[in-house]
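J.: build me a model from this:
(3 chains)
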Amino acid sequence: MSTAPTTQTSSGPKTQKETKQKDKVTLIVFSGELDKVLASFIIATSAAAMGKDVTMFFTFWGLNAIKRHERKIANPSFILRMLNRLNMGGARRLALSKFHMLGMGTSMMKNIMAQHKMPTVEEFIEMAHEMGVKIVACTTTITVMGLTDEDFIPQVDLKAGAVAYLNEASSSSVNLFI
Amino acid sequence: MSTAPTTQTSSGPKTQKETKQKDKVTLIVFSGELDKVLASFIIATSAAAMGKDVTMFFTFWGLNAIKRHERKIANPSFILRMLNRLNMGGARRLALSKFHMLGMGTSMMKNIMAQHKMPTVEEFIEMAHEMGVKIVACTTTITVMGLTDEDFIPQVDLKAGAVAYLNEASSSSVNLFI
Amino acid sequence: MSTAPTTQTSSGPKTQKETKQKDKVTLIVFSGELDKVLASFIIATSAAAMGKDVTMFFTFWGLNAIKRHERKIANPSFILRMLNRLNMGGARRLALSKFHMLGMGTSMMKNIMAQHKMPTVEEFIEMAHEMGVKIVACTTTITVMGLTDEDFIPQVDLKAGAVAYLNEASSSSVNLFI
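T.: Numbers count the residues shown, from 1 in each chain, chains lettered A, B, ... in the order given. Here you go, the predicted model:
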């Protein structure tokens, strides 16, 4: 009689943990390249469709995928203005990691994707957002690059750092750095 | 007496799950670059030699590593013919991610590897296949790129999508995106 | 009464395993690019600060981050001398994966990081080392590239191969390939 609760107590948190592990997918989207961002969203939306709890943590160049297009560069520092001019960002501006060829390869790929009715990055963001995928922007990169809240699309759920990422990741069954 | 089966029941599936987690390694091979493909096969064959259950999921440019060399480009669409001409593929055609230098760096690296009796990608594929590493080609990329079964080497075990990948990955102890 | 020890026995090792899984982070640092190396160290030092057991496994170009600056290239083979001349390495020589622009972009980024009092790679290595992060250099790459112990900084804890990596990784809750 005294063992029943013991067993329950010991199996209770374990079951919970296993369930959590099964259900969580955490992706770091480091790269801002079109192909890698697409791969991230294919994995994220598939996982969400399977009922998993998905977090996409956008950092470094990956932030470009979740920047607004119409944002103005109003940074006081010349060097940051230059960086942000170069590193313009916005889901429609991402380039392929291979065969970009001054835009030719990238637009060829977009063309092929459209023929196959594959979503664009913008459509993927919307889909992911509606499916409950958590879109997180990395605070460290935001600070270093001199960006502000207005630089990002409204689908961003949260800004967080490496500690928050690691907390999510430790209880995830799938962790990828893309 | 009633607790014995409870304990067994609760530890039974857990042990099974833990065993499974220890035994599974799932790699996404996204990049078709020689160095990253080699790294993937070094990890995959080492894991297989340790008795682990290994799945390599080839997607995007990674598919180049498992394409036939002699395949003909017979796609009806001009844009797909162009893409497949550019993105020729085949294990012998992979280039380094750094210092490719019009092929000089890549052949230098192959030369050094041969001196150290390191397997080539083709030999690694054969080794991995014989060791029971599951070689999976991503259906989405295959469709988008207009490829067919004949474009791939016979060592490909299976064509599958993101959902199949996520099922494998959730029960793997090591998941990498390469 | 007989069930109490059974429960204990079955929960004992599990708890230990779960604790271990929660506590371990294992990173493969494959890329020698400044941004990716920085991302690796941000994750590694954050995890160490959270009390996690962190291993960074440097391989391929990632080895450049943990090479000495002052090392002389004394390899008997011409081809290896050439490779090591090209692939000089040292934490201060790492370049951005994007916008390197003959060094302009890279130094711009270093400038911005200094303004934000972000540590340099050299400072990160020292921090990580002091926090107990295990810095491992990949034996296979070392051999293939004709490097020796003198080519590396003293903070390297250990040289090991893929099997040692996989052993660490299978019991880690977070595994990334960067």
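J.: A:Val136: what secondary structure?
T.: Classification of A:Val136 by DSSP: H, G, I helix; E, B strand; the rest coil places it in strand.
J.: and for it, the neighbour number?
T.: A:Val136: 24 surrounding residues under other CB atoms under 10 Å in any protein chain shown. For the C-beta atoms, the positions are set from N, CA and C on the backbone; glycine is no exception.
J.: for the one 5 residues further on, same thing?
T.: If you count neighbours by other CB under 10 Å, A:Thr141 ends up with 21.
J.: where's A:Thr143, which helix or strand?
T.: A:Thr143 belongs to helix A:139-144 when assigned by DSSP states H and E.
J.: ok, the helix or strand just after that helix: who's next to it in the sheet?
T.: Following helix A:139-144 in sequence order, the next helix or strand is strand A:158-160 (DSSP H and E). Strand A:158-160 sits in its sheet next to strand A:134-138 (parallel), going by DSSP bridges.
J.: can you list the neighbours in contact with the partner strand?
T.: Residues from elsewhere that reach strand A:134-138 (CB atoms under 8 Å, 6 or more residues apart in numbering or on different chains): A:54-60, A:63, A:66, A:125, A:128-129, A:152, A:155-162, A:164-165.
J.: hang on, the earlier thing: for the helix holding A:Thr143, packing partners?
T.: Applying 3 or more CB pairs under 8 Å, 6 or more residues apart in numbering or on different chains; DSSP states H and E, one finds that helix A:139-144 contacts strand A:158-160.
J.: could I get the full set of strands for chain A?
T.: Taking DSSP state E as the criterion, chain A carries its strands at A:24-29, A:53-58, A:134-138, A:158-160, A:174-177.
J.: now render these as a markdown table, adding mean pLDDT.
T.: Output for those, formatted as a markdown table (pLDDT from 0 to 100):
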| stretch | mean pLDDT |
| --- | --- |
| strand A:24-29 | 98 |
| strand A:53-58 | 98 |
| strand A:134-138 | 97 |
| strand A:158-160 | 96 |
| strand A:174-177 | 98 |
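J.: of the ones you listed, which is nearest A:Leu38?
T.: strand A:24-29 (10.7 Å; CB to CB).
J.: how far does stretch A:43-54 stretch from one end to the other?
T.: 9 Å (CA to CA, to the nearest Å).
J.: in it, what counts as buried?
T.: Buried residues in stretch A:43-54, counted by 16 or more other CB atoms under 10 Å in any protein chain shown: A:43-48, A:52-54.
J.: how near is the residue nearest to the spatial centre of chain A to B:Met88?
T.: By CA atoms, centre = their mean, the mean C-alpha position of chain A lies nearest to A:Met56, the distance being 3.3 Å. A:Met56 is 33 Å from B:Met88, where distance means CB to CB, to the nearest Å.
J.: can you give me the neighbour number for the closest residue in space to A:Ile42 that isn't next to it in sequence?
T.: Once flanking residues are discounted, A:Ile42 sits nearest to B:Ala162: 5.3 Å by CB to CB, 6 or more residues apart in numbering or on different chains. Look at B:Ala162: counted by other CB under 10 Å, it has 23 neighbours.
J.: before we move on, what about the one 4 residues further on?
T.: Taking other CB under 10 Å as the criterion, the count of residues near B:Leu166 is 20.
J.: so what's it up against?
T.: Neighbour list for B:Leu166: A:25, A:43, A:46-47, A:50, A:52, A:174 [criterion: CB under 8 Å, 6+ apart].
J.: what's the closest of the residues you listed to chain B?
T.: Closest approach between those and chain B, by CB to the nearest CB: A:Ser46, at 3.7 Å.
J.: for that closest one, give me the pLDDT.
T.: pLDDT, A:Ser46: 97.
J.: that one and A:Thr148, how far apart?
T.: 33 Å.
J.: and the helix holding A:Thr143, how far out from the chain middle?
T.: Here helix A:139-144 is found 15 Å from its chain centre; the criterion is CA atoms, centre = their mean, to the nearest Å.
J.: and the buried residues of stretch A:43-54 near chain B, which?
T.: Counting by CB under 8 Å from any CB of the partner chain, A:43, A:46-47, A:52 from these sit close to chain B.
J.: one step back: and the contacts of strand A:134-138, which are buried?
T.: Neighbour counting with 16+ other CB under 10 Å marks A:54-60, A:63, A:66, A:125, A:128-129, A:152, A:156, A:159-162, A:164-165 as buried within these.
J.: ranking helices and strands of chain A by mean pLDDT, which lands last?
T.: When the helices and strands of chain A are scored by mean pLDDT, DSSP states H and E, helix A:3-23 comes last with a mean of 45.
J.: picking up where we left off before, for the strands of chain A, give me CSV that also has distance to B:Arg92.
T.: Shown next, in CSV, are those (distance: least, CB to CB, whole Å):
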stretch, distance to B:Arg92
strand A:24-29, 32
strand A:53-58, 36
strand A:134-138, 39
strand A:158-160, 44
strand A:174-177, 29
